[in-house]
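Enquirer: Pasting a predicted model and its sequence here:
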Amino acid sequence: MATIGQQLTAAENGYKRYLFMDSNFNYSNGWLNNSGSDMISYTEGSTVRFNFYGTSLTVLVYSWSNRGNMSISIDGQEPLAYKGYHSANANNYVGFVATGLTDRWHTVIITVLSSLGTLRAVDVQSNGLGISTYDESVVKKDRTLILHNDKYKKWNPEVKGGYFSVVPAMTSATTPTGIVEQSSIWGSGYEGFRAFDKKLNVHANGAWHTGQTNGAVPQWISYDIGKLKRVVRVAITARVDSYVTTQGVKNFIVQAYENGAYVDLAEFNTIPWAAGETRTFDFNNSKHYQKYRLYIKSTYGTSAFAITEIDFLESVIDSSAHWSAYDTETISTFHDFLEWGMEDRNIFERKSSELPPIPLINITQNTTSHEQGSAYSQSLNLSKYTSIQSIKM
């Protein structure tokens, strides 16, 4: 088994090596091909993302004295740091090893923590499905299997058919439609509407920059659509230059305006951004609102900051949420229920109801001679009724 700091010139028995130029690796801005040896990045916060199948993963680096530290997050778990330099200037050094994972698809995000970052290759089990492009949905396990009326059933959540912006390319705070407002601005050329102008490659006259003296967090920026829309995704593009290391958004809340006040729809924490990087943030929202805003609670610095682009998006529904029945032969073993059996019962719509009176049975004749009064008894089928809140007699 590979160990951290070991030079591994070829994949171990039972593993297959995927070099850094594989098309399934999704590199953010800032990565460069280092003369065919590895991919390197001088930009803190730059990332590489991919999926892999199997129970273990080995990450290899081009060990060199100027290589910095990286972190890796598997299946959205807390990132773990690892080194890019291991005692010698040579290729194919083991930087990180993960074992004992569930035999399925996993997501991976590698982030550069200090310049400069490196990726040489990854080794995964050769008897699996290898690696694929990054798709975070693979870790959202379908744990809704139940046996109901002699049929195996699962819950099919809403399927979105695509995302569409509810914001046009704004040329001022009120044109062509809607209203953009913000908590502060740096000055002329940095107004909030410039974060909605659909321009991704400029800073001055193309980004919202908070105020010179009052631009520290918290800050906010809003867009009033002018009509009701159900927004379920936000896209953010970070500042396009090196200042992104201290001006990237760290923690923010998506809010909607209702009855004279803002309500929180979702809150997000981020990892450091690469210059000009665009990320999308999905959230559940069952209601239609006219006005949405981002409330920025913290950044990676302490002063004013800039955001190049923001977008609010709605979705088209291809399929509404519903229950469907499995083929009887599809689910057959105890292990199937351990793997796929329902884990969260919150998907059921729970209703409070009052049961009709249930007559009690007089069991006074069963009492002992020293007991006084009358005794009654009745049973209730708890397989049908849960969360009993009160009993009236």
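Expert: Yes, it's here.
Enquirer: Just give the number of residues close to the residue nearest to Leu19 when sequence neighbours are not counted.
Expert: For Leu19, ignoring the flanking residues on the chain, the nearest one in space by CB to CB, 6 or more residues apart in numbering is Ala121 at 4.8 Å. For the C-beta atoms, the positions are set from N, CA and C on the backbone; glycine is no exception. Applying other CB atoms under 10 Å, we find 22 residues neighbouring Ala121.
Enquirer: and what of the one 4 residues further on?
Expert: For Gln125, the tally of surrounding residues (other CB under 10 Å) stands at 19.
Enquirer: Contacts only, for the closest residue to Gln7 other than its chain neighbours.
Expert: Closest residue to Gln7 apart from its sequence neighbours, by CB to CB, 6+ apart: Tyr93 at 5.4 Å. By CB atoms under 8 Å, 6 or more residues apart in numbering, the residues touching Tyr93 are Gly5, Gln6, Gln7, Leu8, Leu60, Val61, Tyr62, Ser63, His86, Arg120.
Enquirer: What distance do you get for Tyr93 to Tyr62?
Expert: From Tyr93 across to Tyr62, the span is 8 Å (CB to CB, to the nearest Å).
Enquirer: what is in contact with the two at once?
Expert: Joint contacts of Tyr93 and Tyr62 (CB under 8 Å, 6+ apart) are Arg120.
Enquirer: quick revisit: model confidence for the residue nearest to Gln7, exactly?
Expert: pLDDT recorded at Tyr93 is 93.
Enquirer: Mind listing what's buried along the helix or strand hosting it?
Expert: Here Tyr93 sits within strand 90-98, counting by DSSP states H and E. By 16 or more other CB atoms under 10 Å, the buried positions in strand 90-98 come out as Asn91, Asn92, Tyr93, Val94, Gly95, Phe96, Val97, Ala98.
Enquirer: Next, format those as JSON lines and append distance to Tyr257.
Expert: As requested, the buried residues of strand 90-98 are exported to JSON lines (distance: CB to CB, whole Å):
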{"residue": "Asn91", "distance to Tyr257": "55"}
{"residue": "Asn92", "distance to Tyr257": "55"}
{"residue": "Tyr93", "distance to Tyr257": "53"}
{"residue": "Val94", "distance to Tyr257": "52"}
{"residue": "Gly95", "distance to Tyr257": "47"}
{"residue": "Phe96", "distance to Tyr257": "45"}
{"residue": "Val97", "distance to Tyr257": "49"}
{"residue": "Ala98", "distance to Tyr257": "44"}
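Enquirer: bridging residues for Val316?
Expert: Gly162 (DSSP bridges).
Enquirer: Would you state the strands of the stretch 151-300 of the chain in chain order?
Expert: Assigned by DSSP state E, counting those that start in this stretch, the stretch 151-300 of the chain shows strands spanning 151-156, 159-165, 179-182, 208-209, 219-229, 231-238, 249-258, 261-269, 278-282, 289-299.
Enquirer: who does the first one pair up with?
Expert: Right, strand 151-156. Strand 151-156 is paired, per DSSP bridges, with strand 146-148 (antiparallel), strand 322-325 (antiparallel).
Enquirer: do the same with the fifth one
Expert: With DSSP bridges as the test, strand 219-229 is paired with strand 179-182 (antiparallel), strand 289-299 (antiparallel).
Enquirer: do the same with the fourth one
Expert: The sheet places strand 208-209 alongside strand 306-319 (antiparallel), with pairing taken from DSSP bridges.
Enquirer: Poorly predicted segments of this protein, please.
Expert: Along the chain, segments meeting pLDDT under 70 span 140-143, 160-161, 201-202, 318, 327-352, 366-372, 381-387, 389.
Enquirer: per the record, what domains does it have?
Expert: 15-139, 161-319 (automatic domain parsing).
Enquirer: in the sheet, who's paired with Trp323?
Expert: As for beta bridges, Trp323 partners with Trp155 under DSSP bridges.
Enquirer: I'd like the distance from stretch 70-84 to the chain centre, please.
Expert: Averaging C-alpha positions (CA atoms, centre = their mean, to the nearest Å) puts stretch 70-84 15 Å from its chain's average.
Enquirer: packing partners for the helix or strand containing Phe52?
Expert: Per DSSP H and E: Phe52 is located in strand 47-54. Applying 3 or more CB pairs under 8 Å, 6 or more residues apart in numbering; DSSP states H and E, one finds that strand 47-54 contacts strand 26-27, strand 104-112, strand 121-125, strand 131-132.
Enquirer: Columns distance to Thr171 on top of the ones you listed, output as a markdown table?
Expert: Supplementary listing: the helices and strands packed on strand 47-54 in a markdown table, determined by distance: least, CB to CB, whole Å:
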| stretch | distance to Thr171 |
| --- | --- |
| strand 26-27 | 33 |
| strand 104-112 | 36 |
| strand 121-125 | 46 |
| strand 131-132 | 41 |
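Enquirer: Figure out which of those is closest to Ala325.
Expert: Between Ala325 and the helices and strands packed on strand 47-54, the shortest gap by CB to CB is with strand 104-112, which sits at 24.0 Å.
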